[in-house]
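Participant: Model the following, please.
(one chain, ligands or ions: 1)
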Amino acid sequence: MRCTNGGQRVIALAAATLLPVLAESSLKQLKPGFNLFSPQQDIQMGQQAAKEVRRQMVVIENGDLDAYLGRILGKLAKSKYARTLNRDGSRSQPFPFAIHAVYDKNINAFALPGGPIFIHTATIDAADNEAQLAGVMAHEMSHVVLRHSTNQASKRNLVELPAILAGAVTGDSLMGQLAQLGIGFGANSALLKFSRTDEAQADYSGAEIMADAGYNPLELARFFEKLEAKAGREGSLEQFLSDHPNPGNRIEAISDEIQLMPRRDYTDDQTGQFPHIRDVVQHLPQPPAKPAQVADPAERPSN
Ligand SMILES: [Zn+2]
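Facilitator: Numbering: from 1, shown residues only. Have a look, this model is predicted:
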């Protein structure tokens, strides 16, 4: 489905009416939160945590699925809003994004610091179209760009972290020292459960990334709201809603944001492959079970 603007006369009239307003309002400039980690440390942490995810979860290796997810990620990663956001609002090189599907009947998606993204197969199955899938990916990329997980770790361990991070240790050694503080970024980490403010930011930035790639940003909001509406009836959504709490009024917020963006034609589908990929996902053979995920008790919120 293509969404196009109305007739030219209508646009001209609307533009004449709206111009004074538009001149005063523009897209919000998001700012990353307080962070004691360097972007390079985000990348190291994320790569170590991704190894842990591969041990704990069933990461799918399927040529069609991997190529498809990689193709959409590549489109989204071209957006300037996918570039690393600095404290002064400037942008640096993008984080090395990567995406893999995880075999899981619970709907969820999560991003590790510095770029690795994992999407549950149930999420691909639940999406109505490619733009909704792209919306989840753009939302997760935004958690990476805004560095929400290391921001949370920084706030929680304000006193102990500076000495550890200044020690210039890398990789496993740094992970080990952070683990002693109860800091881990693997699957089920409390640091991957975000606040409603973080969620609103990830939606805002995700909509910008989607729009640049030509996907209708409203599909992000529609998908998240569809999942909210199902909640309570389906236990498979609990984890998703706990990791990504509803900031409220998603459709209204993104509709307002779109008004501030350059006018574009958006699509819900760019590759024509979504129905095939969903079919692939629905017919994946049941993989052998992995040992039960054991989360460090320190990583679990007490409530
Ligand atoms: Zn989120």
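Participant: the strands in this structure, which residues?
Facilitator: For the chain, strands defined by DSSP state E occupy the ranges 2-3, 83-85, 91-94, 98-102, 109-111, 116-120, 266-267.
Participant: could the ones you listed be laid out in a markdown table, adding mean pLDDT, mean neighbour count and distance to Gln47?
Facilitator: Just so you know, the C-beta spots here come from the backbone N, C-alpha and C atoms, and that holds for glycine as well. As requested, these are exported to a markdown table (pLDDT from 0 to 100; neighbours: other Cβ atoms under 10 Å; distance: least, Cβ to Cβ, whole Å):
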| stretch | mean pLDDT | mean neighbour count | distance to Gln47 |
| --- | --- | --- | --- |
| strand 2-3 | 47 | 10 | 39 |
| strand 83-85 | 94 | 19 | 16 |
| strand 91-94 | 93 | 12 | 15 |
| strand 98-102 | 98 | 21 | 9 |
| strand 109-111 | 94 | 25 | 13 |
| strand 116-120 | 97 | 24 | 7 |
| strand 266-267 | 94 | 18 | 33 |
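Participant: any chance of those in CSV, plus distance to the ion?
Facilitator: Shown next, in CSV, are the strands of the chain (distance: least, Cβ to the ion, whole Å):
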stretch, distance to the ion
strand 2-3, 25
strand 83-85, 16
strand 91-94, 19
strand 98-102, 15
strand 109-111, 8
strand 116-120, 11
strand 266-267, 22
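Participant: Those strands into a markdown table, with extra columns for distance to Val53?
Facilitator: Output for the strands of the chain, formatted as a markdown table (distance: least, Cβ to Cβ, whole Å):
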| stretch | distance to Val53 |
| --- | --- |
| strand 2-3 | 36 |
| strand 83-85 | 22 |
| strand 91-94 | 21 |
| strand 98-102 | 8 |
| strand 109-111 | 9 |
| strand 116-120 | 6 |
| strand 266-267 | 32 |
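Participant: so which of the ones you listed gets nearest His139?
Facilitator: Closest to His139 of the strands of the chain, according to Cβ to Cβ: strand 109-111, at 7.8 Å.
Participant: Name the nearest residue to the closest residue to the ion within the stretch 201-303 of the chain, sequence neighbours excluded.
Facilitator: Across the stretch 201-303 of the chain, the shortest distance to the ion (Cβ to the ion) belongs to His244, at 3.6 Å. Closest residue to His244 apart from its sequence neighbours, by Cβ to Cβ, 6 or more residues apart in numbering: Glu199 at 5.7 Å.
Participant: if I pick that neighbour, what's in contact with it?
Facilitator: Residues in contact with Glu199 (Cβ atoms under 8 Å, 6 or more residues apart in numbering) are His244, Pro245, Asn246, Pro247.
Participant: at 10 Å instead, please
Facilitator: Contact analysis of Glu199 by Cβ atoms under 10 Å, 6 or more residues apart in numbering lists His139, Ser142, His143, His148, Phe224, Asp243, His244, Pro245, Asn246, Pro247, Gly248, Arg250.
Participant: now do Thr150
Facilitator: 32-39, 41-42, 45-46, 113-114, 144, 161, 165, 183, 185, 191.
Participant: what residues does the stretch 51-200 of the chain put near the ion?
Facilitator: For the stretch 51-200 of the chain, the residues in contact with the ion (Cβ under 5 Å from the ion) are Glu199.
Participant: Which stretches in the stretch 51-200 of the chain count as helices?
Facilitator: Per DSSP state H, counting those that start in this stretch, the stretch 51-200 of the chain carries helices over the ranges 63-77, 121-126, 130-145, 148-156, 161-166, 171-180, 196-213.
Participant: can you pull the buried residues of the longest one?
Facilitator: Buried positions in helix 196-213, judged by neighbour count with 16 or more other Cβ atoms under 10 Å: 198-213.
Participant: One more: the first one?
Facilitator: By neighbour count on 16+ other Cβ under 10 Å, the buried set for helix 63-77 is Leu65, Tyr68, Leu69, Ile72, Leu73, Lys75, Leu76, Ala77.
Participant: Report how many residues lie close to the nearest residue to the second one once chain neighbours are set aside.
Facilitator: In space, not counting the residues next to it along the chain, Tyr68 is nearest to Ile277; the distance is 4.9 Å by Cβ to Cβ, 6+ apart. Other residues lying near Ile277 total 23 when counted by other Cβ atoms under 10 Å.
Participant: Do I have it right that Ile277 meets Thr271?
Facilitator: Yes: under the criterion of Cβ atoms under 10 Å, Ile277 lies in contact with Thr271, with a separation of 8.7 Å.
Participant: In the protein, which residue is most central in space?
Facilitator: By Cα atoms, centre = their mean, the chain has its centre lying nearest to Glu140, at 0.6 Å.
Participant: if I pick that residue, what's in contact with it?
Facilitator: Contact analysis of Glu140 by Cβ under 10 Å, 6+ apart lists 73, 76, 97, 99, 109-112, 116-119, 202, 206, 244.
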